[in-house]
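Novice: no sequence on hand, only this structure:
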């Protein structure tokens, strides 16, 4: 089955850390740029970070720069989002997305979403 599966979400206090994983099955992530997007209630969907397939270039949204870090392990067919110094405003459902276009263009695969809740 071709899919992206996120894991690692949960409830954390402000200032804490979480690491999200986005694992691909049924296809190889090697040729795809992968991005993380988030959607909070009452807000528009926001791009958080993305990483390219070749030279592993990275991009970050202004609201997470210096706190979040994206990486990929092609051997494990997985992309990670390390989230540090979390704030209540980071609370959202986080989705990973795979695209053959850099930076993330037309999305070929979406994950199901992982809830991240940051308490104050």
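Specialist: Sure thing, it's come through. If you're wondering where the values come from, they're calculated on a predicted model, not measured in any experiment.

Novice: show me what the closest residue to residue 113 other than its chain neighbours bridges to in the sheet.
Specialist: Closest residue to residue 113 apart from its sequence neighbours, by C-beta to C-beta, 6 or more residues apart in numbering: residue 93 at 4.4 Å. No exception for glycine: its C-beta is placed from N, CA and C like everyone else's. Using DSSP bridges, the beta-bridge partners of residue 93 come out as residue 39, residue 115.

Novice: mind checking how far residue 93 is from residue 106?
Specialist: Noted for residue 93: a distance of 21 Å to residue 106, by C-beta to C-beta, to the nearest Å.

Novice: which one's more surrounded, these two?
Specialist: residue 93 (18 against 8; other C-beta atoms under 10 Å).

Novice: helix or strand for the residue nearest in space to the middle of the chain, which one?
Specialist: Nearest to the mean C-alpha position of the chain, by C-alpha atoms, centre = their mean, lies residue 36 at 2.9 Å. Residue 36 is part of strand 33-39, with elements assigned from DSSP states H and E.

Novice: list the contacts of that strand.
Specialist: Outside strand 33-39, the residues that touch it by C-beta atoms under 8 Å, 6 or more residues apart in numbering are 20, 22, 45-53, 70, 72, 79, 81, 90, 92-104, 116.

Novice: buried ones in it?
Specialist: Buried residues in strand 33-39, counting neighbours by 16 or more other C-beta atoms under 10 Å, are found at 33-38.
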